[in-house]
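How does the following fold in three dimensions:
(3 chains)
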Amino acid sequence: MKMITIKRLFIMLFVLLFIVGCSSPTASKDTQGKTNHSEQNQEKSSNEGGVVRIAMSTEIDNLDPYLSAATDTGSMMDNVFDGLLDTDENGKLVPAIAEKYAISDDGRTYTFYLKEGVMFHDGSELTADDVVYSYAKLGGLNGGEPLSSRFEIVEKVEAKSPLEVVVTLKEVDSAFLARNIVAIVPKDYEEQSSKPIGAGPFKFEEYKVGQELRLSKNENYYDKENTPKIDEVQFKIMPDPESSILAMQAGEIDILPGISKQGLDQLGDTVHSISGPQNMVQLMAMNNSVKPFDDVRVRQAINLAINKDVIIDTVADGMGTKLGTNMSPAMQFYYEPGLEDRYEQNIEKAKELLDEAGLASGFTMELTVPSDYQFHVDTAQVIADQLSQINIQTEIKQIEFSSWLENVYNNAQYETTIIGFTGKLDPYEVLVRYVSDYGKNFMKFQDERYDELIKEAVRETDETKKAALYKKAQTILTDEAAALFIMDPDRTTAMRNGVNGLKLFPIQKFNLEDVTVTK
Amino acid sequence: MKKHNIFKSIPLIIGVSFVTVLTIMMLVSLFYTPYSPNAMDPSDRLAQPSFTHLFGTDNFGRDIFSRVMQGSQTAFLIGFSAVSIGLFFGFLIGACAGYFGGWIDELSMRIIDAMMALPGILFAIMLISVFETGIRNTIIALGIMSIPSFARIVRSGFIQVKQFDFVKASIAKGAGSFRIIFQHILPNVTSPILVAVTLSFSGSVLAEAGLSYLGLGVQPPDPSWGRMLKEAQPFMSTAPWYVILTGLFITFMVLGFNLLSDGIRDLQDKKS
Amino acid sequence: MKYALYKLSTFLMTILLVSLIIFTVFQVLPGNPAQIILGMDADTQQIAQLEKELGLDKSIGERYTSWLSGFLMGDLGDSLKYQQPVLDVLKDRIPVTFSIAIYSILLTICIGIPLGIYIARTDGRWISVFLSMFTQLGIAVPSFWFAFVLILVFGVTFQLFPTFGYVPWSESFIGALRSYFLPSLALAISNIAVVIRYLRNTILDQAKMDYVRTARCKGLREKTIMYGHILRNALMPVLTIMGLIVADTLGGSIIIENVFALPGLGNLLIQSITSRDFPLVQSMVLYIAILVILVNFIVDLLYKLIDPRVRLKG
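Okay, here's the model as predicted:
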């Protein structure tokens, strides 16, 4: 009797598996179910409409643009929010909500003229009052705590007319203009963290924690030329890079940013990709305040012992740009060329320098790496291999990124570490990290000339002169071997064939309004 | 009946041979590997298996066979040390609980229960987050992870044996606890402990692979099979031999020790 | 009754101990949750503001008692990262993990028990040896490795099952069944092997018992003996490892959910440990622990119910 039941169970199980396995292939493509109806939309015209599914490796930290700090979250939510200005592919500031702007001669007063008829997603009109509210909130002008130190420089912000905003700074700050890409939010709206409202090309639809963020086309986007072509965007949260490649292979993902060379090979000609420098600075920071890294000769010796091309070839499959200072060539206008070849690999010279520093027999150094980033861990392994040539033994210590932030970034309790600084639009934000009294100067780099140059550059309003000062500052970083600057790894984004229009920006950003989908 | 025995001993034979081969490999690697396991050759990355590189090379151009050999040291070290920690403390707790009984038993069993309530891997993750990653802490975490099962086995063994007449008799004769434990009880609980030792050895090797997948295992560049498997993952389709060969060695080791434990159990059944 | 009361008191004791262990572990962890939430480019102002909001300034003892009493009252506090009540965060996650856990346990039972019986019945034949070796492989293969193979074969090559994510049960039953299949199978594989081995051993042990000989002498058919007598007694010990299997399944889901990008408890757990989201992670670990203890408790009682020979301290 029992035997029959067990046998029956067995058979039922396999029948079930069979049914499950063979049921309609259309359903197999939509894990989320909801894509069904949109797929039908996709068929009605070739170039308009459609859904784009993008794999993202990290979760959203906060939907409120002012409370979020994660780069990935910014690049997703940037499609919901627009700022007064925006950036193009070359990092040039272009008008967005503001049609044009004017800067007073003393460099302290900025006047922005807003476009007419800009609407928030809730249908209300975006006026100067909303801009005043947004900037006051960021700069803490309403009595509250400032939400961003970058806006503390703002003395006051006023609405001259519904379409005219005047921002006055406490002192001249040439880095301020680029900060105006920050999101403008509707006045007195308090639910940005749960249901964000902006004026961007896409509307927020739904966020399922840890699963997906859905955005839909904003039909009333003020910039008619750039009204999105696709109906819906789904950002899928997929922490495992290997899984997302497999998902793309199975046709469940349309766009995969940050894909590896191997991933690309694996996907073959079912996808096409765009690739280029991402304005990142990957470096091995050396704690300039601890022995033996307080000795410039030791830092130079380390620089001389490393062959960066080998690192780029091994870790990034050759897809990276060699760096010699804390700036990527992606910042064309501000970048000082030539520094990347200052320290050619020269083992003999490196050994001499170590000898002069009294460390001819070498030493053991601890290299702390955030374990969440395989890229940095791999880099650490190559560096360890190369440094053994000058008798430096490297102990690699992997720690979680959270511990890294606490121990290394905040408290500078480390000897050496590998990290990547993500790109910024203004060189000040990039170079301020090495100013002696800057709070997060965890490299503990100290140089009076450098501090002076940066201070001067911020006060300078002439673009060319400003650039010259920043270039000089970069040279100091290289001369003093403030750190081992490695590379700007290329960022490669894979797109399913039929998906087109994505471009690369000097900051992490998706121009989804230009994306088109064909079957 | 004779035929039956041959079948019975097949797992044991296979288990013993796997473990022997791996042990020999580990011993050889102490003195000799074809290449230095950490030496990189950027010009020869992800090379296919050939006569120069038996198992090919990895993404840094390191010889995979040498790393697999070196990795066996790590595997044995982790398995052996974790089991030692687990056995030592597990035995101590289990023996005290089983021998003395009463509130000591009650308290230690509650602690053991509490530890068992947390899934092993979760417990290890928690411990490693506290201690930071590294081979020593991986060993400690895996060792602590295997304490409960040892404690339970030893305890029940003690309780059982304590009820045997000859033990009761020597207790009545006034023999010291020490003597009773070592002369009478211990010989009677060795085979279940041996089974647990082999099982927890393979369990530790497998757990290390899981931890390494989550990035919490042994630190680079020293090779461990778990971390090699993780490093091989992105090259699954471009260099499948890397992921397959490394995975196979983990499987061999775990399989070997599991079969060994099966074999020991079968032998023990036959004896009794 | 006395037995049940005794078991109940140990049940509560264990939970208390677990809560203490969990709390201590997470207090020693380095890392500032506020900074982790906000990331590298956050302002000092943003961090200070958030720290105040999160109430990270109270003493340890204060936090333990308030956490435990809150837990007992059903108020788990707010998640630091998601800034909403822990229960709300868990609400979406629990169904996912439970689906794969139950699915995988069902697979374990449906595959493990018939195969275990088969292997025991064919004991001593080549097929049995071969199958036993095969089940051994199930235990020996690292689960995430096996999961990748499953994705590669069933998801990518044959496109039979989705490779990541899930379909809610409410949306499509078949769809959900499909989407949960691969992760559940990857999770079940080692448990299937464990059940098979365990069942095989107990069946073979039982087969040697006197009552089987008696039954055989009475002339009962082999099948009747096997399914009427042996199996009933052999399945009992299998029941006792249920607690172990549940713990294993929940533990394994931590890794498997990561591979399949499933937003379940395991996935959340790793993230909350890295983001130092203490209220969330403590409650979650305690939940899992209570679940395991509860299963063990029920198994104990059931065992006692079925087999009255089990004595107080057996």
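
Closest approach to chain C from chain B, which residue is it?
B:Pro119 (2.6 Å; C-beta to the nearest C-beta). Using the backbone N, CA and C atoms, a C-beta is placed for each residue, glycine as well.

oh, I was asking about chain A
Of all residues in chain A, A:Gly210 sits closest to chain C, at 3.5 Å by C-beta to the nearest C-beta.

That residue: neighbour count?
Look at A:Gly210: counted by other C-beta atoms under 10 Å in any protein chain shown, it has 22 neighbours.

buried residues in stretch A:284-293?
The neighbour-count check on stretch A:284-293 (16 or more other C-beta atoms under 10 Å in any protein chain shown) flags A:284-288, A:292-293 as buried.

how near is the closest residue to A:Lys472 other than its chain neighbours to B:Met253?
Among residues not flanking A:Lys472 along the chain, A:Leu453 sits closest, at 5.6 Å (C-beta to C-beta, 6 or more residues apart in numbering or on different chains). Separation of A:Leu453 from B:Met253 (C-beta to C-beta, to the nearest Å): 59 Å.

And the closest residue to C:Lys81 other than its chain neighbours, how close does it get to C:Glu257?
Sequence neighbours aside, C:Asp277 is the residue nearest to C:Lys81 in space, at 4.5 Å (criterion: C-beta to C-beta, 6+ apart). The gap separating C:Asp277 from C:Glu257 is 17 Å, by C-beta to C-beta.

In the stretch 201-350 of chain A, which residue sits nearest chain B?
A:Gln266 (4.3 Å).

Run a quick neighbour tally on that residue.
22.

OK, contacts around it?
Counting by C-beta atoms under 8 Å, 6 or more residues apart in numbering or on different chains, A:Gln266 touches A:245, A:249, B:236-238.

now check the helix or strand harbouring A:Arg491, is it near chain B?
Counting by DSSP states H and E, the element that carries A:Arg491 is strand A:483-496. No. Strand A:483-496 stays clear of chain B (C-beta under 8 Å from any C-beta of the partner chain), getting no nearer than 13.6 Å.

That strand and chain C, any residue contact?
No. Judged by C-beta under 8 Å from any C-beta, strand A:483-496 makes no contact with chain C; its nearest approach is 14.6 Å.

Each with direction, which strands does that strand pair with?
When pairing is defined by DSSP bridges, strand A:483-496 lines up against strand A:255-257 (antiparallel), strand A:271-277 (antiparallel), strand A:281-286 (antiparallel), strand A:320-322 (antiparallel).

low pLDDT regions in the chain?
No chain specified, so I'll use chain A. Within chain A, the segments meeting pLDDT under 70 span A:1-48, A:519.

sorry, should have said chain C
In chain C, residues with pLDDT under 70: C:1, C:28-43, C:50, C:52-59, C:83, C:306-314.

Which part of it gets nearest to chain B, residue-wise?
Closest point on chain C to chain B, by C-beta to the nearest C-beta, is C:Gly251, at 2.6 Å.

ok, the residue nearest to that residue when sequence neighbours are not counted - contacts?
In space, and not counting its chain neighbours, C:Gly251 is closest to B:Pro119: 2.6 Å by C-beta to C-beta, 6+ apart. The contact partners of B:Pro119, by C-beta under 8 Å, 6+ apart, come to C:247-248, C:250-252, C:254, C:288, C:292.

please redo it, this time with the cut-off set to 7 Å
C:247-248, C:250-251, C:288 (C-beta atoms under 7 Å, 6 or more residues apart in numbering or on different chains).

What parts of the stretch 151-300 of chain C come near chain A?
C:151-152, C:155-156, C:159-160, C:162-167, C:171-172, C:174-175, C:177-179, C:181, C:223, C:227, C:231, C:258-261, C:263, C:267-268, C:271, C:274-276 (C-beta under 7 Å from any C-beta of the partner chain).

Among those residues, name the buried ones.
With burial judged by 16+ other C-beta under 10 Å, the buried subset of these is C:151-152, C:155-156, C:159-160, C:162-167, C:172, C:175, C:177-179, C:181, C:227, C:231, C:258-261, C:263, C:267-268, C:271, C:274-276.

For the residue of the stretch 201-350 of chain A closest to chain B, pull up the helix or strand it's in.
helix A:261-267.

Would you mind listing what in the stretch 101-250 of chain B touches chain A?
The stretch 101-250 of chain B has residues B:129, B:132-133, B:215, B:219-221, B:233-235, B:237-238 near chain A, with proximity defined as C-beta under 7 Å from any C-beta.

let's go with 8 Å and repeat that
Within the stretch 101-250 of chain B, the positions adjacent to chain A are B:129, B:132-134, B:215-216, B:219-221, B:231, B:233-238 by C-beta under 8 Å from any C-beta.

Mind giving me the ChimeraX select for these, buried ones only?
Only the buried members of these enter the following ChimeraX selection, criterion being 16+ other C-beta under 10 Å:
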select /B:129,132,133,134,215,216,219,220,221,231,233,234,235,236,237
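
Which residues belonging to the helix holding A:Gln266 are considered buried?
Residues of helix A:261-267 classed as buried: A:261-264, A:266-267 (neighbour count, 16+ other C-beta under 10 Å).
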